[in-house]
Each structure stands twice: as structure tokens, then as C-alpha cells.
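1. no sequence on this one, just coordinates:
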């Protein structure tokens, strides 16, 4: 078996290095790092890394993969901080708006984003769904699904679409 020519090796090495410089491996690194932080129960670090994927690489496959983990980290941070902060101001409001916007990005396809809806809304206060619906009024790709949420004592128990069955766990 013949060895590759040194010029071929040099070109391959520069291509790999160039990909790294362009950040092509960055979404995967952030996803792995965020997942590790979540498993270590460092929800702030997990949310930071996973939301960075959405900010910098919104069209990447890692963005969709990161969403349910980021939603879970968001929920934990929300319930940890809700008593010390007003949910309508400060970082909780920013996080809520960011997660709602991220969730809204999944409505471009032919299917209602059931898994993402469950990940974000189940177990959360109904006010989060109301905020989502207020934003959805201006977005026809969302309003075509007629999302609905069932609540018990102000907590979302199920979420459904006018085009699909209930999305309760």
C-alpha cells in the first residue's frame, strides 16, 4: 500500500485546521459541553452553552438537538429563581422570550413540533404559554396550528394543536 504524498497530507491538514478556524466543529463542542454541564447539574452553564448554539448556529442540526436540553435547564433555572425575581423582568423574562423564539423556529415544517412543545411547556406556568400565543399572533406559520394548552392550578398539563391529538405526557 502506498503512502499519501506529503503535499496531500499538508492540504488535508490545512483543510481540517481551516474547518476548525471557521467554527464548523463549534456547535458539536457546545452541545457536548452543554450536555455535560446539564448532567453535572450546572444548569446555568448548560443553558449558556446550549443557547449559544441557537444564537450562533440557528440552522444547525445541533440547534434542534440542543433545544430539549436547554428547555429543561431553563425550567430548572426558572423554578429556582422565580421567587427571587419578577418573571416579567430581568433574566427570566429574557430567557422566556429567547426560548419562545427558539421554539417558534420549529414551525417551518409540515409537522407540529410536538416534542419541542412538551419540552418547553409541560409543567410550566400558563403565563409562559400566554406569552407564546401573544407572539404567535404575528406569525402565520405558528397560528395555522391553533396551539392550545390545558392547565391545572395555573400549570400547563398538556399542549395540543388544532391539527393533532393532545400532547400530554
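-> Sure, I can see it. Nothing here was measured: the structure is a model prediction, and the numbers come from that model.

2. nearest residue to the middle of the protein?
-> For the chain, the residue lying nearest the average C-alpha position, counting by C-alpha atoms, centre = their mean, turns out to be residue 67 (2.5 Å).

3. that one contacts residue 102, correct?
-> Yes. Taking contact to mean C-beta atoms under 8 Å, the distance of 6.1 Å between residue 67 and residue 102 places them in contact. In short, each C-beta sits where N, CA and C put it, glycine included.

4. any residues in contact with both of the two?
-> Listed contacts common to residue 67 and residue 102 are residue 54; contacts here mean C-beta atoms under 8 Å, 6 or more residues apart in numbering.

5. one step back: for the residue nearest to the centre of the chain, what is the enclosing helix or strand?
-> Using DSSP states H and E, residue 67 sits within helix 61-81.

6. identify all contacting residues around stretch 81-101.
-> When contacts are defined by C-beta under 8 Å, 6+ apart, stretch 81-101 is touched by residues 47, 51, 54, 70-71, 74, 77-78, 120, 125, 127-128, 131-132, 135.

7. nearest to residue 63, of those residues?
-> Relative to residue 63, the closest of these is residue 54; by C-beta to C-beta it sits at 5.3 Å.
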